[in-house]
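Student: kindly return the folded structure for what I paste below:
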Amino acid sequence: MKNPISYLAYWAKIHPEKAAIQNTVSRFSYHDLFDRVCRISAKLKAQGVKPQQKVLLSMSEDHFRWIFSLALLHSGVTLISHVSFKPSDSMDDKNYEWIVSDKSMDIGEDKNLILIDHIWLSSVKDTLLDLNFYEYTDSDLIAIFTTSGTTGQAKKVAWHLNHLDQRAKSEIFNTGAGGKITTMNSTSNLGFYVGFSCFVFGETLFTQACNEEIIDLVIKNNIKTIHGSPAQISSLINTLIEKSPTDLIGRVDKVITAGSIASQALLKNIHKYFGAELFSDYGSTETGFACRALVTSSGDLNVIGSPAPNVLIQTVDDKGNELPFDEIGKVRIKTPYMVNNYLNNTLETDIFFSDGWFYPGDYGSINTNGELTISGRWSEVINLGGIKINQFLLDLFFLKYPGVRDAAVFTHENEIGLDELIVAIVSDQPLNIDALKEKLIKEHGFAFCPKRFFRALQIPRNANGKVKREELAKEILNMEKLIIKS
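Tutor: The predicted model follows:
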């Protein structure tokens, strides 16, 4: 494959009338999608877009974002995709030549804007078909994604063609081929290659803008697999409970979560409202899909599972020596489709990449069956009054507690200048905090018990499901001030 569009070209010949991309109001067959992409690419080229220029794509809906992503890849650009964009947004180096957007905006003189409005779209059908798509070389960049998974600080990850191709093909071991829908949009690396895998296998990519559309698509299209972060799946179940709690029972075979750990409440709700099995996936923007676990009870929530084919996972000591079974150490991963650096960031590259391995920042152990269990994160071990506290383990304790849908701990400096531990809990029912504290102290000790407990509507997480602890702290503390003032 020299260009991702070659998959569309192939399936447009093999089964031209099969749906390639579909939402609740629009359907493009493989023939129609290939035709549309070739015409849009021709129009973009005519406006000056050239191969290997960096193009920021800002579209409101994932359905159109996908179509324009494919057209831009046809043109050979390096794709940078955002849900929404303002010139003040944090693209660190502002190193891109074009913005393609469905929103009018005031941009700098050194940037070119292509505004995708009704007039622009209506002229596409009269644009000549361009079948001459760009052939990417091994050194060409195909896409740039942002990740903050290791430290919480934004870093850029650049893909070459083989990263997209191999990650999309690995989906046969991940979500599988056919009859699936992902709640992750194409601006995330995971959402992009999971979605693109549909084109690799000649299946239908289902896109959606809200939970109601997901439910409608699952019912009408015999979708058997739902993929997303625990927060997204939890939100879908909330909508299901409000609208039609029995509509998906028996229709879905499996739910796959990725990006963070599911809660015991989510596990129970997946069994109750889908009648499906829950699988938990582990990987990163840097490595792609690494391993999977079947979650059958709350005790399995942090058991990450067995590596996918051709994936290596080890636990090592601080010197990089592999540890025996069941001994906790630093996790490191090697996959056929991993990147080997952060774009223009040698400092953090040297910290997290070494000798062909990626260190995701996790502590864990591997049992005699080759299964990985996560026990914490380097960056989330805090020193509280001389006591080292693992925030991940505390999150996990609350996620396993009955009735808790989501939870996260964070620290905040109090009035006398001391850091104190705080927890935010999302729960559908009142919790006996005294009983919860008693269980926590019994399992982890008094020092690990938060000083304050807050009930939250949701836990802020990034596109891949990681907790945004700084944002959570601001939200909770602002909420506290409002309560005091009232």
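
Student: which residues are in contact with residue 198?
Tutor: Shown in contact with residue 198 (Cβ atoms under 8 Å, 6 or more residues apart in numbering): 20, 180, 204-205. The way it works is simple: take the backbone N, C-alpha and C, and place the C-beta from them, glycine included.

Student: report the two of those residues separated the most.
Tutor: Maximum pairwise distance among the contacts of residue 198 (Cβ to Cβ): 14.5 Å, between 20 and 180.

Student: looking at the two, which is more packed in?
Tutor: Neighbour count, other Cβ atoms under 10 Å: between residue 20 and residue 180, residue 20 has more, with 30 against 24.

Student: can you pull the contacts of the more buried one?
Tutor: With contact taken as Cβ under 8 Å, 6+ apart, residue 20 is in contact with 8, 11, 28-30, 32-34, 198-199, 204-205.

Student: which helix or which strand is home to the residue located most distally from the centre of the chain?
Tutor: Distance from the C-alpha centroid of the chain peaks at residue 416, with 38.9 Å (Cα atoms, centre = their mean). Residue 416 belongs to no helix or strand when elements are defined using DSSP states H and E.

Student: okay, it: pLDDT?
Tutor: The model reports residue 416 with a pLDDT of 74.

Student: and if you look at residue 164?
Tutor: As predicted, residue 164 sits at a pLDDT of 96.

Student: give me the contact list for the host helix or strand of it.
Tutor: Element membership for residue 164 (DSSP H and E) is helix 161-169. Under the criterion Cβ under 8 Å, 6+ apart, residues 1-4, 136, 138, 140, 142-143, 192-194, 196-197, 199-200, 288-289, 336-337, 339 lie in contact with helix 161-169.

Student: any stretches of the stretch 151-300 of the chain with poor pLDDT?
Tutor: The stretch 151-300 of the chain contains residues with pLDDT under 70 at 151-152.

Student: so what's the nearest residue to residue 413 once chain neighbours are set aside up against?
Tutor: Nearest non-adjacent residue to residue 413, counting by Cβ to Cβ, 6 or more residues apart in numbering: residue 419, 5.6 Å away. Residues in contact with residue 419 (Cβ under 8 Å, 6+ apart) are 382, 384-385, 411-413.

Student: filter those residues down to just the buried residues.
Tutor: Among these, those classed as buried by neighbour count (16 or more other Cβ atoms under 10 Å) are 411-412.

Student: out of the contacts of residue 419, which one has the lowest pLDDT?
Tutor: On pLDDT alone, residue 385 ranks lowest of those, at 72.

Student: surely that residue and residue 420 touch.
Tutor: No - here residue 385 lies out of contact with residue 420, judged by Cβ atoms under 8 Å, at a distance of 9.3 Å.

Student: so the protein: which segments form each domain?
Tutor: Domain assignment for the chain by automatic domain parsing gives 5-141, 378-485.

Student: least confident of those domains, on average?
Tutor: Lowest mean pLDDT of those: domain 378-485, a mean of 84.

Student: now that domain: how far from the chain's centre is it?
Tutor: 23 Å (Cα atoms, centre = their mean, to the nearest Å).

Student: in the stretch 301-450 of the chain, what residue spans correspond to strands?
Tutor: Applying DSSP state E, counting those that start in this stretch to the stretch 301-450 of the chain gives strands spanning 303-307, 312-316, 329-334, 353-354, 357-358, 362-366, 372-377, 381-384, 387-390, 404-413, 419-427.
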